[in-house]
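Fold the following and give me the result.
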Amino acid sequence: MGIPVNTGCRLQLSRPAACATFVLLGWLCAQPSAAVYAQNSYNDYLLVHENFAICTDGSQPIAKRRSSCTVVIERGGLEKSEIAKIYLLLGQASQESGDDQVAFQNFNAAIKSNPKYEQVWLGRAYFYAAKSDFSHALEDYDQALKVNPNDAAVYDNRGIMLHTMGERDKAIADFSRAIALDPQDRIAYSNRATLYLGSGKTNLAIADLSEVIRAEPTNGAAAYNRGTAYERSGQIDKAMEDYRSAVRLQPSFAPASAALGRLLKDKDPNEAIVELSAAIRLDPRSPALRSRAILYLALARFDDALHDFDRVIANDGSDSLAFLDRGVAQEKLGNLEGAIRDYSHSIELAPMAPAYVNRGNGYVHMRQMEQALADFNAALALEPANLAALMGRAQASYARKSMSESLVDYSRVIELDPKNVTAYFRRGNVHFDLREYAAALNDYSDSLKLDPNQPVVLYNRSLAAARMGRLKDAANDRRRALALDASVAGGEDVSSRGK
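Coordinates of the predicted model:
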């Protein structure tokens, strides 16, 4: 129902087969029985009349209706145009009972008896549609429109068929024609809005859904769908307002609570958790479960995040992103081995640069630099400009004393991101270890221009300045560093003070 965070609105069938039957029943029951049965004897008249009533009564058991319709046809006495209606009812009853061959024969007989009767074409069109034979269904819809070109419901249903066949523009044209014939056709507005939204025409979708809501203010599905359109167009406040309306109008509709909770996570995390939890209670497999897990992760509620990711994975063991995110929760809780297992599982399911980077960083912390380098290389093979992978590989190379490789990667990061404070600082450390003190001082200075309040960078710049004989500058930087953090003056091992 509706447009999920993840999937398009449902299309609504404006006139199911049962509807066509009920329209027909009302017509048939209004006919003067004497004119219909004038040629029958009184006893035959009573028999046919009794069976006629059962045949046209949709509340009767299917088998009884089929039998009675058959009696009416066999007894005869009906005009040819009236026989078509009975064949139609018999075809529908046969279809309901699963006897497709007999149903098809009766629909064909109905059309042969009176091809100028719109309902017989629609009856067979519904039959074809139920069998996913959309091309033949469309042909019958076309025939029905030749008989009655002003039936908005037929345009609605043909539009649905065209949408199913991938003919979006033609489907939109049919819904537009239905609206032109019946400006109150809310189903046509809803379906056209669905297609507009699917093609990125959010403003047109919003306009159509607003028409639906104007005519039916309690339509929760329309409120949810318009909220989706607003969200996709960047109108977040209006989207939230519509999602709130949808939650109020359809409190048992999990996607509305899930969408509202998703949008609330940055504005009011606590209310977001309430809404996401409501969606999860309604549907334990709701995408809200993942949203809540990610929110818990952002709020540093790592145990709660881990619990939710466990449930996400239990619902779908092939969800590579869930393993990646659970790995982050494991790492935050200090379970580095568990984190690496989750990152590895994520990579097995769907190799992605973030999983390689996270696992590589885990190996760095475990001092397993060869494995770390392999992961950073794998990440860069997928995304050559991945800053986190470049930073990780540079750090691993530095730990292995491969200074030239580390220098190249830090320089590449700075080229891609000239405002990367950490890259300047770490490259300064590489230059320092290479005894390139002027270059180190320049990098420390560039880092401090971007963020002046870095005690470790100030302290390391003081060391570089001292190596260059600039003792006054060194003393000034040391004083500033100590003023910010008295613990920084612990020695000259700049590598141990890297970020």
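
got the contact list for residue 176?
By C-beta atoms under 8 Å, 6 or more residues apart in numbering, the contact set of residue 176 is 188, 192. C-betas here are computed from N, CA, C, even on glycine.

So which residues of the stretch 101-250 of the chain form helices?
Taking DSSP state H, counting those that start in this stretch, the helices of the stretch 101-250 of the chain run over residues 118-130, 134-147, 152-164, 168-181, 186-198, 202-215, 220-232, 236-249.

What is the third one packed up against?
Going back to what we said before, that points to helix 152-164. Packing partners of helix 152-164 (3 or more C-beta pairs under 8 Å, 6 or more residues apart in numbering; DSSP states H and E): helix 118-130, helix 134-147, helix 168-181, helix 186-198.

and what of the fifth one?
Counting by 3+ C-beta pairs under 8 Å, 6+ apart, the packing neighbours recorded for helix 186-198 are helix 152-164, helix 168-181, helix 202-215, helix 220-232.

That helix vs helix 152-164, what angle?
Angle of helix 186-198 versus helix 152-164, following axes from the mean of the first three to the mean of the last three C-alpha atoms, to 10 degrees, is 20 degrees.

still on that earlier bit, in a markdown table, list the helices and strands packed on helix 152-164 along with mean pLDDT.
Formatted as a markdown table, those follow (pLDDT from 0 to 100):
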| stretch | mean pLDDT |
| --- | --- |
| helix 118-130 | 94 |
| helix 134-147 | 95 |
| helix 168-181 | 97 |
| helix 186-198 | 96 |
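
now those helices in a markdown table, with distance to residue 269?
Listed next are these as a markdown table, based on distance: least, C-beta to C-beta, whole Å:
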| stretch | distance to residue 269 |
| --- | --- |
| helix 118-130 | 47 |
| helix 134-147 | 47 |
| helix 168-181 | 39 |
| helix 186-198 | 29 |
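
From residue 102, how far off is residue 453?
Distance from residue 453 to residue 102, counting by C-beta to C-beta, to the nearest Å: 85 Å.

Tell me which of those two has more neighbours.
Neighbours were tallied for residue 453 and for residue 102 using other C-beta atoms under 10 Å; the higher tally belongs to residue 102 (17 against 11).

Do you know the pLDDT at that one?
Note for residue 102: predicted pLDDT of 92.

Residue 68 now?
Model confidence at residue 68 (pLDDT) stands at 83.

contacting residues around it?
Applying C-beta under 8 Å, 6+ apart to residue 68 gives the contacts 50-55, 60.

Which strand or helix spans it?
Element membership of residue 68, judged by DSSP states H and E, is helix 62-75.

C-terminal to that helix, what's the next element?
The helix or strand immediately downstream of helix 62-75 is helix 80-96, counting by DSSP H and E.

Measure how that next one sits relative to helix 118-130, angle-wise.
Using the same axes, to 10 degrees: helix 80-96 against helix 118-130 is 20 degrees.

Pick the most buried one from the helices and strands packed on helix 186-198.
Compared across these, helix 220-232 shows the largest average neighbour count, a mean of 25 (mean count of other C-beta atoms under 10 Å).

Need the contact partners of it.
1-3, 9, 190, 193-194, 197, 200, 202, 205-206, 209-210, 212-213, 216, 236, 238-243, 245-246, 248-250, 253, 255-256, 259, 263.

Can I get the helices of the stretch 101-250 of the chain in TSV including distance to residue 473?
Output for the helices of the stretch 101-250 of the chain, formatted as TSV (distance: least, C-beta to C-beta, whole Å):
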stretch	distance to residue 473
helix 118-130	83
helix 134-147	80
helix 152-164	72
helix 168-181	68
helix 186-198	62
helix 202-215	58
helix 220-232	54
helix 236-249	50
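
Residue 399: which of the helices and strands packed on helix 152-164 is closest?
With respect to residue 399, and counting by C-beta to C-beta, the nearest of the helices and strands packed on helix 152-164 is helix 186-198 at 50.4 Å.

Name the nearest residue to residue 349, ignoring sequence neighbours.
residue 320 (3.8 Å; C-beta to C-beta, 6 or more residues apart in numbering).

tally of neighbours for the one you found?
17.

do the same with residue 454
Residue 454 has 23 neighbours, counted by other C-beta under 10 Å.

My guess is it contacts residue 425. True?
Yes - if you go by C-beta atoms under 8 Å, residue 454 and residue 425 touch, sitting 7.3 Å apart.

sorry, back to before: looking at the helices and strands packed on helix 186-198, which has the lowest confidence?
Minimum mean pLDDT among the helices and strands packed on helix 186-198: helix 152-164, a mean of 94.

Show residues contacting that helix.
Contacts of helix 152-164 (C-beta under 8 Å, 6+ apart): 11, 13-15, 118, 122, 125, 129, 134, 137-138, 141-142, 144-145, 148, 168, 170-175, 177-179, 181-182, 185, 187-188, 191-192, 195.

Likewise for stretch 473-492?
With C-beta under 8 Å, 6+ apart as the criterion, stretch 473-492 contacts 453-456, 458-459, 461-463, 465-466, 497.

Among the residues you listed, which pair sits farthest apart?
453 and 466 (21.4 Å).

helix/strand/coil for residue 404?
Following DSSP: H, G, I helix; E, B strand; the rest coil, residue 404 is assigned to helix.

if I look at it, how far off is residue 436?
Distance from residue 404 to residue 436, by C-beta to C-beta: 12 Å.

now do residue 252
For residue 252, the distance to residue 436 - C-beta to C-beta - is 67 Å.

Neighbour count: the two, which is higher?
Ranked by neighbour count (other C-beta under 10 Å), residue 252 and residue 436 place residue 436 first, with 17 against 11.

how close does residue 145 get to residue 87?
21 Å.

Which of the two has more residues huddled nearby?
More crowded of residue 145 and residue 87, by other C-beta under 10 Å: residue 87, with 24 against 18.

OK, contacts around the more buried one?
Neighbours of residue 87 in contact, by C-beta under 8 Å, 6+ apart: 73, 106-107, 109-110, 113, 120.

can you map out the strands along the stretch 251-400 of the chain?
Counting by DSSP state E, counting those that start in this stretch, the stretch 251-400 of the chain forms no strands at all.

where do the helices sit along it?
Secondary structure of the stretch 251-400 of the chain (DSSP H, counting those that start in this stretch): helices at 254-264, 269-282, 288-298, 302-315, 320-332, 336-349, 353-365, 369-382, 387-399.

What angle do helix 288-298 and the fourth one make with each other?
Angular relation of helix 302-315 and helix 288-298 on a 0 to 180 degree scale: 150 degrees, by the same axes, to 10 degrees.

How about the last one?
Helix 387-399 and helix 288-298 meet at an angle of 40 degrees, taking the same axes, to 10 degrees as the criterion.

Tell me the buried residues in helix 387-399?
388-399 (16 or more other C-beta atoms under 10 Å).

Where does the prediction get shaky in the chain?
Within the chain, the ranges that satisfy pLDDT under 70 run 1-45, 77, 490-499.
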